[in-house]
Structure formats: structure tokens, C-alpha cells
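Undergrad: Please work out how this folds:
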Amino acid sequence: MSKRIALLIGVSNYENENNLPPCDADIDLMADIIESSGKYDATLILKDSPKSIDAMAKIRSFITDFQNPVSDIDEIFFYYTGHGAKHSDDFLFLFSDFNNSKINATSLSNDDLDGMLKSLNPKLTVKVVDACQAGIEYIKSEQASERNLENILEKSKKRV
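TA: Next comes the predicted model:
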């Protein structure tokens, strides 16, 4: 039996960044929409500004639950509200304890997220990101040409 799963992350309070109070309302609203839709078989909601170690453990556990045994995944819905940052050629989802000197330990890179989601071999993945720097490569980049957009989307599609 195929499944639909959702992963929602909301971070409004930060130790080393400006707080984003509206993100509390954003994650609550999105959680209500997802839950009331009745569309998803399983939902992981990380709110109340999770710290990186807790958030990553819960995300990995959630993904692993659908790998063992392998589930037939029709759809994954991912939502993030909070601070985002561009690092090298990747986008970072920042957790509440984000620290510039510990980037890999206190954030989740889009490449790592894609790898986890692709490990489930979903038929469809929808990602909604409400954060600074989200989509900058797609829309606002000086190199935002049709060819560059194709390259970015191809990178995202590749198997990890």
C-alpha cells in the first residue's frame, strides 16, 4: 500500500540569529492544514525551535521508519519556515542553535535533505520553503537563465 508522508519544520527562536516570531504561527497553520486534509499517512512536525541534534535525530528516524521495511511512497511533502542561508552551492535550513563555526552540525543542507528524501524513492516530492535565500538561485541570481535553472533542477533530481 502506498503512503503519503509530510515533514514540517518551524524555527522561530535562535541562539545566534535574529528571532522570527511569525514562524510560530506559520508552522501551526501549516500543521493544521496538513492534518485537517487527511491526505497524509504520517506526519513529523518539528516546532518550538528545535535544536539541531534533536531535529536531525527525529528526521533520520522518521525517514528510517519508511526504509525498513521499504514503503511505497506516493508523495513526500516538506515544509520549512525559519532562517535559511546559502553556503557554497547549497542552501541551508538553520536550526535554533545554528552556529557559523559549526555549519554542518547545526544546519541541514538541501543536498543532505534531498539525499534522505530520495532514499525513499517517492513518486512525488513537494518542498515549500519560507526562508531568506530560498529560491535565490532559481529567481534572483545574476545567472538566473533558463539553462542555469535546468542545471539546478537536474542537480536536485540526481540520485544520491
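
Undergrad: Does His83 touch Leu20 like I think?
TA: Yes - counting by C-beta atoms under 8 Å, His83 does reach Leu20; the two are 6.7 Å apart. In short, each C-beta sits where N, CA and C put it, glycine included.

Undergrad: Next, show the common contact partners of these two.
TA: Here His83 and Leu20 have Val11, Tyr14 as joint contacts, going by C-beta atoms under 8 Å, 6 or more residues apart in numbering.

Undergrad: who has more neighbours, the two?
TA: More neighbours surround His83 than the other of His83 and Leu20, with 24 against 20 (other C-beta atoms under 10 Å).

Undergrad: need the contact list for the more buried one.
TA: Contacts of His83 by C-beta under 8 Å, 6+ apart are Val11, Tyr14, Glu17, Asn18, Leu20, Leu94, Phe98, Ala131, Cys132.

Undergrad: Sitting in strands, which of the residues you listed do you find?
TA: Leu94 (DSSP state E).

Undergrad: Just give me the closest of the contacts of His83 to Lys58.
TA: When these are compared for distance to Lys58 (C-beta to C-beta), Val11 comes out closest, at 13.4 Å.

Undergrad: Tally up the residues packed near the closest residue to Phe98 other than its chain neighbours, please.
TA: Nearest non-adjacent residue to Phe98, counting by C-beta to C-beta, 6 or more residues apart in numbering: Thr106, 4.5 Å away. Around Thr106 there are 22 other residues, counting by other C-beta under 10 Å.

Undergrad: And Leu46, by the same measure?
TA: Neighbours of Leu46 (other C-beta under 10 Å): 20.

Undergrad: Tell me the bridge partners for the spatially closest residue to it that is not a sequence neighbour.
TA: Excluding the flanking residues, the one nearest Leu46 by C-beta to C-beta, 6+ apart is Ile9, at 4.6 Å. Beta bridges link Ile9 to Leu46, Tyr80, judged by DSSP bridges.

Undergrad: looking at it, Ile9 is touching Thr43, isn't it?
TA: No - between Ile9 and Thr43 there is no contact under C-beta under 8 Å: 11.7 Å.

Undergrad: would you turn the contacts of His83 into a markdown table with pLDDT?
TA: As requested, the contacts of His83 are exported to a markdown table (pLDDT from 0 to 100):
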| residue | pLDDT |
| --- | --- |
| Val11 | 97 |
| Tyr14 | 97 |
| Glu17 | 94 |
| Asn18 | 94 |
| Leu20 | 94 |
| Leu94 | 96 |
| Phe98 | 97 |
| Ala131 | 88 |
| Cys132 | 79 |
